[in-house]
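Trainee: Turn this into a structure:
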Amino acid sequence: MTDHDWPSSPSDSELEELDQFLRAHGGDEDLLLDGVHGLLTALAIGPAPAKPEEWLPDVLHEPFTDPAEGQRVLQLLAHLNDSIAPELETGAYEPILGEVDDDDEGSTVYTARGWCEGFSRGIDLRASAWESRLGQDTQLMELLGPIIALAIDDGVFEADAEFAELSDEEYDECLAHIPSVVAAVADYWRNHPPSAEEQRAAQDAAASRRPGMQRRRGGRTLH
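Mentor: Next up is the predicted model:
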């Protein structure tokens, strides 16, 4: 596939349209746009691709009442999903982040909480392969370091050991590292694909996962 054959990234207006739909149709624990992007990113760079019917239950939680609207939302989700790999190839990938008000500064700052929540759910969809490899290869854990630090700091992951809270500078530094971490993890799985045993375990887990069921983690996205 040549560069000009790659899907373009969604426009700002398309992202806004999808964001508004997710906000209007989601509950407190459901993924918003940043979370959906994290979910799709984890699947795009992980050990095995996922079909839409595997990840859509983590994004859409009720039937469409308007068929035309439903088709449009599915098109937007497909566009977002299909744009991730080309962005990684061209170095254009950037995470979609949430925003929170900084009461101390009176300004708006970025948060990775929603993105990390979605990323963790993407890992959950291929948990057997991820957990098997993380238990055998410390390189993968090291590559994920900045994302893990953000997830712990934002309360998405619970850590066995006590971690010091990230300073504002450390948090921003971890945010800045997300694109390079995502690219490095994609390269890792490309160069160290899952074994036959890991593939079988992932397939068995995918087959046993019932539509509409999803693993919850503590906390919700802040916007």
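Trainee: what about the helices in the chain?
Mentor: When assigned using DSSP state H, the helices of the chain occupy the ranges 12-25, 33-45, 52-55, 67-90, 113-125, 127-136, 138-143, 145-153, 168-191, 196-208.
Trainee: so which of those helices comes closest to residue 102?
Mentor: helix 168-191 (9.1 Å; C-beta to C-beta). Every C-beta, even on glycine, is put in place using the N, C-alpha and C of the backbone.
Trainee: Return the helix or strand in the chain with minimum mean pLDDT.
Mentor: Ranking every helix and strand in the chain by mean pLDDT, DSSP states H and E puts helix 196-208 at the bottom, with a mean of 70.
Trainee: Distance to residue 102 and mean neighbour count added to the helices of the chain, as CSV?
Mentor: Listed next are these as CSV, based on distance: least, C-beta to C-beta, whole Å; neighbours: other C-beta atoms under 10 Å:
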stretch, distance to residue 102, mean neighbour count
helix 12-25, 21, 14
helix 33-45, 18, 26
helix 52-55, 32, 15
helix 67-90, 28, 16
helix 113-125, 14, 26
helix 127-136, 34, 16
helix 138-143, 30, 13
helix 145-153, 15, 21
helix 168-191, 9, 16
helix 196-208, 40, 14
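Trainee: Same list (these) but as JSON lines, adding distance to residue 98.
Mentor: Shown next, in JSON lines, are the helices of the chain (distance: least, C-beta to C-beta, whole Å):
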{"stretch": "helix 12-25", "distance to residue 98": "10"}
{"stretch": "helix 33-45", "distance to residue 98": "5"}
{"stretch": "helix 52-55", "distance to residue 98": "20"}
{"stretch": "helix 67-90", "distance to residue 98": "16"}
{"stretch": "helix 113-125", "distance to residue 98": "5"}
{"stretch": "helix 127-136", "distance to residue 98": "24"}
{"stretch": "helix 138-143", "distance to residue 98": "24"}
{"stretch": "helix 145-153", "distance to residue 98": "12"}
{"stretch": "helix 168-191", "distance to residue 98": "11"}
{"stretch": "helix 196-208", "distance to residue 98": "29"}
